[in-house]
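[1] I need the structure of the sequence given here:
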Amino acid sequence: MKKWILTAIILFRIGDAFSQQGLVNTNGSPYAKLHPAGMQSVVWTNGFWAERFETCKNAMMPELWRTYTSDTMCFAFQNFRIAAGLDTGHFRGPSFHDGDFYKTLEAVAAVYAVTKDRRLDAWMDSAIAVIAAAQKSNGYIYTKNIIDQRNTGKTSMFDDKLSFEAYNFGHLMTAACVHFRATGKTTLLQVATKAADFLIGFYHTATPEQARNAICPSHYMGLTELYRTTRDQKYLALVRKLIDIRGAVPGTDDNSDRAPFREMSKVVGHAVRANYLFAGAADLFAETGDSSLLRALDQLWDNVVHTKMYVTGGCGALYDGVSVDGTSYNPDTVQKVHQAYGRDYQLPNFSAHNETCANIGNVLWNWRMYLITANAKYMDVLELALYNSVLSGVSLDGSSYFYTNPLAAAANYPYHLRWEGGRKPYIALSNCCPPNTVRTIAEVSDYAYSLDKAGLYVNLYGSNRLQQAGLELTQESNYPWDGQVNLRIDKIPSQPFTIFLRIPGWCRQYAVQVNGQQVPLTPQEGFVAVKRAWKRGDSISLSMDMPVTLVESNPLVEETRNQVAVKRGPLVYCMESSDQQMNIFDVAIPAGMKWGIKATMIGNRPVVAITGQARRKVGAAWGQMLYRELKNDYQPVEVTMIPYYAWANRGKSEMTVWMPLMR
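    From the prediction side, this is the model:
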């Protein structure tokens, strides 16, 4: 009883500051250089992200809620009702269904933080009451086990190496912190703290084998955020313990626990599990300053970004494979990996897996690395993934979703791939990506700004309004369609204050003006710093040239040797058959190709396409041929390319990101 009273006191003490806490609340993290603006501080006003948020608010989130509370299509919430004794039946759905519902709840909370829609508040209140009723008195909450134990009499927990129990707990904790910051209510937070206290007790007596049964370790992030919300050290101590025991018993490359975390320098296994692990380790560093964690994270980041990440920011090249370290003269020790990173430079296009959840994990990891270091290279990766391999995961109208995000698609591809055939409203076998995508889009505004003692960092560009404790700023920009950004100071501290503008890694030429006067500035770690005593009405303009550029891959990437991808600003472009009257795989891009810009609509949403005169191979059609004679016969052909995230919104189509280069 004393434990729950103490928790209530802690929550009461932090309650008055909840609205100023960021999505990842590093306000009190001693080893994080930055902290985000508060969850309720930034609102998109118009332009790209305002449109995406409106689609999320009006289409994605309401339909997701209907799906997850349905008792005929998706049974996630129904499982909570059965576990609570409010209904009868058996568990239905994948074992990570609880986590999917928590992500859905988090998406609703994130939208509520901006809109204050009472209807959403009522949705959450009613769902949380059922979740609380389903929780056992000792804090354990995993509906699959609770229902199975009631029906079979079994009492085992965490015995399955493929158990998603801890994963579900982690998303509960994250959702609870977001719900608290959006509403000020502690109802879900109380469920989460009871669940975390159960984990502390369980791991105190668990065998090392039981303790390692934690795939997709979202609970590292969840426990750290719970610590930041309650300031109770026991939650941080558990995160440290869980990372320390990785590799203590035989593990797998697929789960990234073959070796202790601090000894990892490469990643080959399941991309979602790995990226969640890296994000959790970065969280732990922000609180402890353990340099051995950061050393491993730096090596792993270099390995991913420089040898394993797609040009779209996508992660996890392989559907299935064999661990690079798992082969043996004893065949039964060969280890399988799936939805995995694979070997360095192993980046197929047609069969690229790139699960949307893995790409979101890339965002989560890089956001934490950025908060730790204040180095804009992490924001560059975050932005790349966000605009390309995350947004591609949902249709423009917000009604259907990709599980995988390949870099090429062909009608005559000779293999059947899981989750092929375009986006789907509900991915029956594994619907983890839709709620993850929706919560991410609902929360993009939380990545827009960060702060330190010196000033304000402008991380992402797009029209918005910032209001944060003595600081008010208006941003106007048509980014990512053009590189002009205008900032107006509406309220600011009276003492000299620095505004840091991110110069994206893709930008080669830019200019900064203050009140119409050009200011020469040199970027440091990806930012230019404008410091002065500001007054209301002062303005800053950032003009970034945004030409179309061609990108080559490292020649060790065999699939794309002598080919190019096309980028403009943060956006990767693709060629889709919907726009061409030819076989898109016969098109080559001249090195000196002249490009035009064309505003258009896809699915009633505005996009900027690029156009130009490419070359098309002339000769026999591929058909069933394996090889054909090379002829230097090319014809000029007009082509249109669209942003990669917008493909597959006009019916079934073929698509490619990489195209042969004519030098």
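
[2] switch to C-alpha atoms for all contacts and neighbour counts from now on
    Will do.

[3] The closest residue to Ala214 other than its chain neighbours: neighbour count?
    Nearest non-adjacent residue to Ala214, counting by Cα to Cα, 6 or more residues apart in numbering: Ala166, 5.7 Å away. By other Cα atoms under 10 Å, 25 other residues sit near Ala166.

[4] moving C-terminal of the helix or strand of the chain with the lowest mean pLDDT, what's the next helix or strand?
    Least confident element among the helices and strands of the chain, by mean pLDDT, DSSP states H and E: helix 2-14 (a mean of 44). For helix 2-14, the succeeding helix or strand toward the C-terminus, using DSSP states H and E, is strand 35-36.

[5] Partner strands of that next one, with direction?
    Strands flanking strand 35-36 in the sheet, each with its direction: strand 449-451 (antiparallel) (DSSP bridges).

[6] Strands of the stretch 301-450 of the chain, residue ranges please.
    For the stretch 301-450 of the chain, applying DSSP state E, counting those that start in this stretch gives strands covering 318-322, 336-340, 408-409, 449-451.

[7] the strands in the stretch 451-600 of the chain, which residues?
    455-458, 464-468, 471-477, 484-491, 497-502, 510-514, 517-518, 527-532, 539-544, 548-551, 563-568, 571-576, 587-590, 595-602.

[8] now those in JSON lines, with mean pLDDT?
    Putting the strands of the stretch 451-600 of the chain into JSON lines (pLDDT from 0 to 100) gives the following:
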{"stretch": "strand 455-458", "mean pLDDT": "97"}
{"stretch": "strand 464-468", "mean pLDDT": "96"}
{"stretch": "strand 471-477", "mean pLDDT": "97"}
{"stretch": "strand 484-491", "mean pLDDT": "97"}
{"stretch": "strand 497-502", "mean pLDDT": "97"}
{"stretch": "strand 510-514", "mean pLDDT": "98"}
{"stretch": "strand 517-518", "mean pLDDT": "96"}
{"stretch": "strand 527-532", "mean pLDDT": "96"}
{"stretch": "strand 539-544", "mean pLDDT": "98"}
{"stretch": "strand 548-551", "mean pLDDT": "98"}
{"stretch": "strand 563-568", "mean pLDDT": "98"}
{"stretch": "strand 571-576", "mean pLDDT": "98"}
{"stretch": "strand 587-590", "mean pLDDT": "95"}
{"stretch": "strand 595-602", "mean pLDDT": "97"}
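
[9] May I see those strands organised as JSON lines, with distance to Lys336 and mean neighbour count added?
    Output for the strands of the stretch 451-600 of the chain, formatted as JSON lines (distance: least, Cα to Cα, whole Å; neighbours: other Cα atoms under 10 Å):
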{"stretch": "strand 455-458", "distance to Lys336": "43", "mean neighbour count": "20"}
{"stretch": "strand 464-468", "distance to Lys336": "46", "mean neighbour count": "20"}
{"stretch": "strand 471-477", "distance to Lys336": "47", "mean neighbour count": "19"}
{"stretch": "strand 484-491", "distance to Lys336": "48", "mean neighbour count": "19"}
{"stretch": "strand 497-502", "distance to Lys336": "41", "mean neighbour count": "21"}
{"stretch": "strand 510-514", "distance to Lys336": "48", "mean neighbour count": "16"}
{"stretch": "strand 517-518", "distance to Lys336": "58", "mean neighbour count": "12"}
{"stretch": "strand 527-532", "distance to Lys336": "43", "mean neighbour count": "17"}
{"stretch": "strand 539-544", "distance to Lys336": "46", "mean neighbour count": "20"}
{"stretch": "strand 548-551", "distance to Lys336": "33", "mean neighbour count": "16"}
{"stretch": "strand 563-568", "distance to Lys336": "31", "mean neighbour count": "22"}
{"stretch": "strand 571-576", "distance to Lys336": "32", "mean neighbour count": "25"}
{"stretch": "strand 587-590", "distance to Lys336": "37", "mean neighbour count": "20"}
{"stretch": "strand 595-602", "distance to Lys336": "40", "mean neighbour count": "14"}
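
[10] and Arg258, helix, strand or coil?
    When classified by DSSP: H, G, I helix; E, B strand; the rest coil, Arg258 comes out as coil.

[11] picking up where we left off before, could I get the strands of the stretch 451-600 of the chain as a markdown table with distance to Pro643?
    Formatted as a markdown table, the strands of the stretch 451-600 of the chain follow (distance: least, Cα to Cα, whole Å):
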| stretch | distance to Pro643 |
| --- | --- |
| strand 455-458 | 24 |
| strand 464-468 | 23 |
| strand 471-477 | 19 |
| strand 484-491 | 19 |
| strand 497-502 | 22 |
| strand 510-514 | 23 |
| strand 517-518 | 32 |
| strand 527-532 | 26 |
| strand 539-544 | 19 |
| strand 548-551 | 12 |
| strand 563-568 | 9 |
| strand 571-576 | 4 |
| strand 587-590 | 17 |
| strand 595-602 | 10 |
